[in-house]
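*Asks:* Need a 3D model of the following:
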Amino acid sequence: MGHKQQLNFESIRPYEDHEVQTVFNRLKNEESFLKLIGFLYPDSPPTLFLDSLKNVSTIRQFQEEVISAYVIDIIDKTTNGVSVEGLDNLNQDVAHLFISNHRDIILDPAILNVLLFKNGANTTEIAIGDNLLIYPWITDLVKLNRTFIVKRNLPLKQMLESSRLLSQYIRYTLTEKKHSIWIAQREGRSKDGNDRTQVSLLKMLNISGQESIMKNFKQLNIVPVSISYEFDPCDYLKAKEFQLKRDDPNYQKTKDDDLMHMGTGLRGRKGRVHFAFGKPLQEELNPIDALTVKNDQFSALAEIIDSHVHQNYKLWPSNYIAWDIFNNSCQYSDKYSDEEKAIFLEYVEDHISRIPEMDRDFIFNSLMEMYANPLENKRSYNND
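*Replies:* Below is the predicted model:
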């Protein structure tokens, strides 16, 4: 597993310490990157920020001094606090594959890394789809933040090669480099709040394994992670997309839409945010071995991951209120106050008002379903 192994990953791997300054020098000449810096740090000239990069010599230092500092600022300004549970489930000496539900491409793994930092653990590598790498400088920036690239929308033959390479990279990183990895449980975010692990993701992870499916996944040391936002800043953009797709089945988001989603996710109001780390999946995977059909094994594995994500999901008043409204009931009225209901509905109205010329009832129902689904999923385990 020497140098040859490394070379194969050239097209997808994150940057390393010795590349940091070369990348910074490239970024300094990117006009749209300088615009972004002006947007992220409106109170000081971009040159000040660029000067501060001259002293950064390692990825860890970049993450600590630049990325984490910015994420902590976002947490302070746009959330009512981030809470975390289950960090004591993690053995610091072992690399984990964090598989989580997914709301925001930038913040989900960024907050996760801040929580790991604060807990004295190393940061994770992050899997990100190349559809979000709209400009070359975005690729540069994310690869400085220990991100590796998942190639999407390739022709079938290339897709298979790409999946094999990605699978090998993930297994190599976890077992040889001993670095943890964060990956979303599905391609793209859950837009309707119904968090489900994509079987195709599990099949990709399995390609690089040499053993039975059960053993292959035990080696990866999966930790299911549940991420709960009280308010999703992009909820109305997702609902708008539902309607545009309803009215035109061929509707496709543009790159500008993707950028808008990223900006809205960063700046928008989130309420309280909770991260729950599950226990590493080991013995729980044993029953998979007894299944004789491969597809059944993958489906069973997806269900095991989902059950942890759903059960560890922290429900907020917004979830209970939306479920009651969506189901025309008052079953959960003891879970929220009149004031909390008023605040949530005011928030929803504010978001609906941002999309003119829309089918108001459709948008409202889409938003209610989005916030109700995490509770709906949890109910299937608690039978209440």
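*Asks:* going forward, measure contacts and count neighbours with C-alpha atoms only.
*Replies:* Fine.
*Asks:* how is the protein carved up into domains?
*Replies:* 3-232+271-314, 234-267+316-384 (automatic domain parsing).
*Asks:* The helix or strand containing N80: which residues count as buried?
*Replies:* For N80, the element it lies in under DSSP states H and E is strand 79-85. Applying a neighbour-count criterion of 16 or more other C-alpha atoms under 10 Å, one finds T79, V82 buried in strand 79-85.
*Asks:* Summarise which helices and strands that strand is packed against.
*Replies:* Contact here means 3 or more C-alpha pairs under 8 Å, 6 or more residues apart in numbering; DSSP states H and E; on that basis strand 79-85 packs against strand 271-277.
*Asks:* Give the pairing partners of the strand it packs on; include direction for each.
*Replies:* strand 79-85 (parallel), strand 222-229 (antiparallel) (DSSP bridges).
*Asks:* which residues are contacting the strand holding N80?
*Replies:* I75, L115, R269, K270, G271, R272, V273, H274, F275, A276, F277 (C-alpha atoms under 8 Å, 6 or more residues apart in numbering).
*Asks:* Out of these, which is nearest to F344?
*Replies:* Within the contacts of strand 79-85, the smallest distance to F344 is 10.4 Å, found for G271 (C-alpha to C-alpha).
*Asks:* Pretty sure the closest one sits against E230.
*Replies:* Yes - if you go by C-alpha atoms under 8 Å, G271 and E230 touch, sitting 5.1 Å apart.
*Asks:* out of these two, which sits in the busier spot?
*Replies:* Shown here are G271 and E230; by other C-alpha atoms under 10 Å, E230 has more neighbours (21 against 18).
*Asks:* Can you tell me how far that one is from D73?
*Replies:* Note on E230: its distance to D73, by C-alpha to C-alpha, to the nearest Å, is 18 Å.
*Asks:* Same question for L281.
*Replies:* From L281 to D73 the distance is 33 Å (C-alpha to C-alpha).
*Asks:* for F364, same thing?
*Replies:* For F364, the distance to D73 - C-alpha to C-alpha - is 31 Å.
*Asks:* Nearest spatial neighbour of A95, chain-adjacent residues omitted?
*Replies:* S180 (4.4 Å; C-alpha to C-alpha, 6 or more residues apart in numbering).
*Asks:* Pull out the buried positions in stretch 109-125.
*Replies:* 109-115, 117, 121-125.
*Asks:* Next, the angle from the helix ranked longest in the chain to strand 222-229.
*Replies:* Scanning the chain for the longest helix, with DSSP state H as the assignment, gives helix 360-382. Using axes from the mean of the first three to the mean of the last three C-alpha atoms, to 10 degrees, the inter-axis angle of helix 360-382 relative to strand 222-229 is 140 degrees.
*Asks:* Pull the distance from helix 360-382 to the chain's centre.
*Replies:* Distance, stretch centre to chain centre, for helix 360-382: 20 Å (C-alpha atoms, centre = their mean, to the nearest Å).
*Asks:* helices and strands around it, which ones?
*Replies:* helix 235-247, helix 294-312, helix 317-326, helix 338-352.
*Asks:* Give me whichever of these is most buried.
*Replies:* Stretch with highest mean neighbour count among those: helix 317-326 (a mean of 22; mean count of other C-alpha atoms under 10 Å).
*Asks:* Give me the helices and strands touching that one, please.
*Replies:* Packed next to helix 317-326, using 3+ C-alpha pairs under 8 Å, 6+ apart, are helix 338-352, helix 360-382.
*Asks:* between the ones you listed, which one is nearest to I59?
*Replies:* Taking the helices and strands packed on helix 317-326 one by one with C-alpha to C-alpha, helix 360-382 is closest: 35.7 Å.
*Asks:* if we can go back for a sec, want to throw the domains of the chain into JSON lines with mean pLDDT?
*Replies:* Formatted as JSON lines, the domains of the chain follow (pLDDT from 0 to 100):
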{"stretch": "domain 3-232+271-314", "mean pLDDT": "91"}
{"stretch": "domain 234-267+316-384", "mean pLDDT": "93"}
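*Asks:* Need the residues that contact stretch 37-55.
*Replies:* Q21, F24, K28, L34.
*Asks:* Just put the residues you listed in CSV and tack on secondary structure and distance to I325.
*Replies:* As requested, those are exported to CSV (DSSP: H, G, I helix; E, B strand; the rest coil; distance: C-alpha to C-alpha, whole Å):
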residue, secondary structure, distance to I325
Q21, helix, 53
F24, helix, 50
K28, coil, 50
L34, helix, 45
